[in-house]
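Student: After the sequence you'll find the predicted model.
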Amino acid sequence: MWQRVFFALLSEGQFVSALALVLVSPLLWINRLLMHIEDVIFPGLQKVKLDRVVFVLGHQRSGTTNVQECLSRVNGAICAENYDCLFPSLILKVLMWPFRLLSDVIIRNLFDTPNHRVGLSEPLEEHLWLLHHVFGEAVPFVFFPSLCNQQHLIKQCIEVSDSHIEFIKRCMQRVIYWNHGSDKVYIGKPLLFSMHVNKLRNHFPHAKLVVCVRNPLGAIPSYVDLLASITGMQPDDPVFKQIFSCIFSSYCVQMYERIAELVRKGDALEDGIALIPFSEWKKNPKIQLTKLCKWIGLRGNASLQTGKKEKHQNRSSSRKLIPREVIMSKLGSSFKVINKFDPENKLIEMKNNK
């Protein structure tokens, strides 16, 4: 996959991104090699159980980050950080620890955006670990947006195999082992796996799933804002329009179709699935968080205190890129299901009442 991504970047004239890919590749190989060694020298890794796991799922910009942060701050819960993504190997994690603070400052200065925090201490989205899955990488297209001009590469980026999930499990075991968290609840947020819930349940039969559901008429424009901020482009830029149009048709539509399937089934608490409407979370976060903690089995005090608050720009150009009529048409029956569950007019009323 890396080779295809490298040549795709060259064909798009993205020479800086191609060079960055070449420079980071050795780190991925070193991490993977050391993980194999660790499986031998740290026998305790194999004994780490993954039977107390909660996954926060949903489309980007649906409140997933806020829900994960609130849950992970409750006593008795832990979560992986971006530092764990950079160094899933325990050996590398220890060796690079003295440089953690400096690296965090550099990364925040380079990649932090007003509408999404980026730093080594920020909660991890577990699917990013797949960057290290040599010979089977799932490269996040948000890191290389020019790839979105090639539909076949987007499809490969969102495909998840059994070997992918097994690799994620090995990384999660290391986080629990590192944090001495065998008696704690692991709170994860592998958003890409929202499209593969059945496969996720097969590998984590005891996991509980918290599915954040936001009306696409609000989530899609907000996602446009996020990607525009990350890429440094404007939503009305012709190149960005082409990029996001491909993302919308190849990723967003499929994601919402899968989420709509879960909404049709409704809350299945006894089966380990809880649905959280975005409008209800915004309206009564404390009540929603308390209910989640009780359902999960977290007995600590639920707090809404999180890190630095993200700023949502909500530019008019972001709403125009994929018009609401197109969103409703492309999603079809899936939109009707989600719009009924998380009505757009609820958030409009809340904003007008403020």
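Tutor: On my side now, so go ahead. Values in this document were obtained by computation on a predicted structure and should not be read as measured data.
Student: hmm, who's touching the one helix or strand Ser163 maps to?
Tutor: According to DSSP states H and E, Ser163 maps onto helix 162-178. Residues outside helix 162-178 that contact it (C-beta atoms under 8 Å, 6 or more residues apart in numbering): 35, 38-39, 42, 44-46, 48, 50, 53, 78, 80, 84, 88-90, 93, 126-127, 129-130, 132-133, 136, 138, 181-182, 184, 186, 188, 190, 193, 199-200, 203-204. C-beta here means a position set from N, CA and C on the backbone, and glycine is covered the same way.
Student: Pull out the buried residues from the strand or helix carrying Lys291.
Tutor: When elements are assigned from DSSP H and E, Lys291 belongs to helix 285-296. For helix 285-296, burial by neighbour count (16 or more other C-beta atoms under 10 Å) applies to 285, 288-289, 292-293, 296.
Student: my guess is Val197 meets Arg258, correct?
Tutor: Yes: using C-beta atoms under 8 Å, Val197 is in contact with Arg258, at 6.8 Å.
Student: In terms of secondary structure, what does the longest helix along the chain contact?
Tutor: For the chain, the longest helix by residue count, based on DSSP state H, is helix 15-41. If you count contacts as 3 or more C-beta pairs under 8 Å, 6 or more residues apart in numbering; DSSP states H and E, helix 15-41 packs onto helix 2-11, helix 90-96, helix 162-178.
Student: I'd like to check which residues are in contact with Leu27.
Tutor: Leu86.
Student: Make residue 1 into 59 and carry on from there
Tutor: Sure, I'll start counting at 59 from here, so that last one is Leu85.
Student: How much space separates it from Leu150?
Tutor: Per C-beta to C-beta, to the nearest Å, Leu85 is found 8 Å from Leu150.
Student: returning to that earlier point: may I see the buried residues of helix 343-354 organised as TSV, with pLDDT and distance to Lys323 added?
Tutor: Shown next, in TSV, are the buried residues of helix 343-354 (pLDDT from 0 to 100; distance: C-beta to C-beta, whole Å):
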residue	pLDDT	distance to Lys323
Pro343	91	25
Gln346	92	20
Leu347	93	23
Leu350	94	19
Cys351	93	23
Ile354	94	20
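Student: Now tabulate these in JSON lines and tack on distance to Val125.
Tutor: Listed next are the buried residues of helix 343-354 as JSON lines, based on distance: C-beta to C-beta, whole Å:
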{"residue": "Pro343", "distance to Val125": "9"}
{"residue": "Gln346", "distance to Val125": "8"}
{"residue": "Leu347", "distance to Val125": "8"}
{"residue": "Leu350", "distance to Val125": "8"}
{"residue": "Cys351", "distance to Val125": "11"}
{"residue": "Ile354", "distance to Val125": "11"}
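Student: so which pair among these is furthest apart in space?
Tutor: For the buried residues of helix 343-354, the farthest-apart pair by C-beta to C-beta is Pro343 and Ile354; their separation is 15.8 Å.
Student: picking that back up, out of the helices and strands packed on helix 73-99, point me to the one whose mean pLDDT is lowest.
Tutor: Per-stretch mean pLDDT for the helices and strands packed on helix 73-99 is lowest at helix 60-69 (a mean of 67).
Student: Based on its surroundings, how many neighbours for the nearest residue to Leu389 once chain neighbours are set aside?
Tutor: Nearest non-adjacent residue to Leu389, counting by C-beta to C-beta, 6 or more residues apart in numbering: Tyr314, 5.5 Å away. Other residues within reach of Tyr314 by the criterion other C-beta atoms under 10 Å amount to 28.
Student: Just confirm Tyr314 contacts Lys394, I think it does.
Tutor: No: using C-beta under 8 Å, Tyr314 is not in contact with Lys394; the gap is 11.4 Å.
Student: which one of the helices and strands packed on helix 73-99 lies closest to Gln292?
Tutor: Across those, closest to Gln292 is helix 60-69 (C-beta to C-beta), at 21.7 Å.
Student: residue contacts, the nearest residue to Leu327 once chain neighbours are set aside?
Tutor: Spatial nearest neighbour of Leu327, chain neighbours left out: Trp353 (6.2 Å); criterion: C-beta to C-beta, 6+ apart. Residues counted as contacts of Trp353 (C-beta under 8 Å, 6+ apart) are 266, 327, 332.
Student: same deal with Glu338?
Tutor: For Glu338, the contacting residues are 346, 400, by C-beta under 8 Å, 6+ apart.
Student: Neighbours of the nearest residue to Ile136 once chain neighbours are set aside, how many?
Tutor: Among residues not flanking Ile136 along the chain, Gly239 sits closest, at 4.5 Å (C-beta to C-beta, 6+ apart). If you count neighbours by other C-beta under 10 Å, Gly239 ends up with 17.
Student: sorry, back to before: from the middle of its chain, how far away would the helix holding Lys349 be?
Tutor: On the basis of C-alpha atoms, centre = their mean, to the nearest Å, helix 343-354 sits 21 Å off its chain's mean C-alpha point.
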